[in-house]
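Q: Could you work out the structure for the sequence below:
(chains A and B)
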Amino acid sequence: GEDVEQSLFLSVREGDSSVINCTYTDSSSTYLYWYKQEPGAGLQLLTYIFSNMDMKQDQRLTVLLNKKDKHLSLRIADTQTGDSAIYFCAESILLSGNTGKLIFGQGTTLQVKP
Amino acid sequence: NAGVTQTPKFQVLKTGQSMTLQCAQDMNHNSMYWYRQDPGMGLRLIYYSASEGTTDKGEVPNGYNVSRLNKREFSLRLESAAPSQTSVYFCASSENFGTATRKDTQYFGPGTRLTVL
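A: Okay, the predicted model is just below:
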């Protein structure tokens, strides 16, 4: 079946790096996404990676994909208090007949201590 | 561009009441979605519309109906609200659906926080 798992909570100190991990089960995923949700707000697309890539870097964000182990991670360098939020991993699965679906993890709450 | 907008932001209903959640996007996207978010459960798809004129059930459609009014607007209706429908509801849109390309990337609205007493 399709499942996306994340650890629920991560606490870091301001200025440290944060690494948020995600595992997925479906090998037919095409794109994998990271979304950020601040308190009381909607989901903001942070970044995405195509399933045939190993790594993608975008300013302070680095996404690593290990397709063999079905493991995705998001590294935030120089974490700031403004990075405190819930981070959702999601995988896009292509189904038959030109349809697909997006499967979300439960979300990881990142707490950044000053 | 406002992106994806949702109304209302907050709503309190009594059991058995009905209401419609509105969603609109100004990105000329073909596909639109309704999700609900409950603590510890991530987001679950209620209904989606792959293109104007079509709607399909997602994971948790029971108790809901949808209307794709035009390309911009996709509404979610609760005919007889129940306490189990207390949740945060998100609308999303994407350029396309099921293409295995970046056009499947979904963009979300700010959400509607619904409480059913």
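Q: Distance of B:Q37 relative to chain A?
A: 9 Å (Cβ to the nearest Cβ, to the nearest Å). Quick note: C-beta positions are derived from backbone N, CA and C, even for glycine.
Q: For the nearest residue to that residue once chain neighbours are set aside, give me its contacts.
A: Sequence neighbours aside, B:V88 is the residue nearest to B:Q37 in space, at 4.5 Å (criterion: Cβ to Cβ, 6 or more residues apart in numbering or on different chains). Residues in contact with B:V88, defined by Cβ atoms under 8 Å, 6 or more residues apart in numbering or on different chains, are B:R36, B:Q37, B:D38, B:G111, B:T112, B:R113, B:L114.
Q: which of those residues count as buried?
A: B:R36, B:Q37, B:G111, B:T112, B:R113, B:L114 (16 or more other Cβ atoms under 10 Å in any protein chain shown).
Q: Tell me the pLDDT of the residue nearest the centre of chain B.
A: Centroid-nearest residue in chain B, with Cα atoms, centre = their mean: B:W34, separated by 2.2 Å. pLDDT, the model's per-residue confidence, is 96 for B:W34.
Q: Show me what the helix or strand containing it is packed against.
A: Assessed by DSSP states H and E, B:W34 sits inside strand B:31-37. Counting contacts by 3 or more Cβ pairs under 8 Å, 6 or more residues apart in numbering or on different chains; DSSP states H and E, strand B:31-37 packs against strand B:19-25, strand B:43-49, strand B:64-68, strand B:74-78, strand B:87-94.
Q: Which residue, other than its chain neighbours, is closest to residue 4?
A: If you meant another chain, say so; for now it's chain A. Using Cβ to Cβ, 6+ apart, the closest residue to A:V4 is A:G105 (4.0 Å).
Q: nope, chain B please
A: B:G109 (3.7 Å).
Q: After the longest strand seen in chain A, which helix or strand is next?
A: In chain A, assigned by DSSP state E, the strand with the most residues is strand A:85-95. Once the chain leaves strand A:85-95, the next helix or strand it forms, by DSSP H and E, is strand A:99-104.
Q: Check whether that following strand comes near chain B.
A: Yes: Strand A:99-104 lies within reach of chain B by Cβ under 8 Å from any Cβ of the partner chain, at A:T99, A:G100, A:K101, A:L102, A:F104.
Q: correct me, but the third one touches A:I93?
A: Read that as A:K101. Yes: using Cβ atoms under 8 Å, A:K101 is in contact with A:I93, at 5.4 Å.
Q: relative orientation of the helix or strand bottoming out on mean pLDDT in chain A and strand B:31-37 in degrees?
A: None of the helices or strands of chain A scores lower by mean pLDDT, DSSP states H and E than strand A:99-104, at a mean of 81. Compare the direction of strand A:99-104 with that of strand B:31-37 by axes from the mean of the first three to the mean of the last three Cα atoms, to 10 degrees and you get 30 degrees.
Q: For A:D69, which non-adjacent residue is spatially closest?
A: That would be A:T23: by Cβ to Cβ, 6+ apart, it lies 7.7 Å from A:D69.
Q: surely the one you found meets A:S29?
A: No: look at A:T23 against A:S29 with Cβ under 8 Å: they stay out of range, at 11.7 Å.
Q: The two: which has the busier surroundings?
A: A count of neighbours by other Cβ atoms under 10 Å in any protein chain shown puts A:S29 above the other of A:T23 and A:S29, at 25 against 17.
Q: tally of neighbours for the closest residue to the more buried one other than its chain neighbours?
A: Nearest residue to A:S29, sequence neighbours excluded (Cβ to Cβ, 6+ apart): A:E91, at 4.1 Å. Neighbour count for A:E91, taken as other Cβ under 10 Å: 25.
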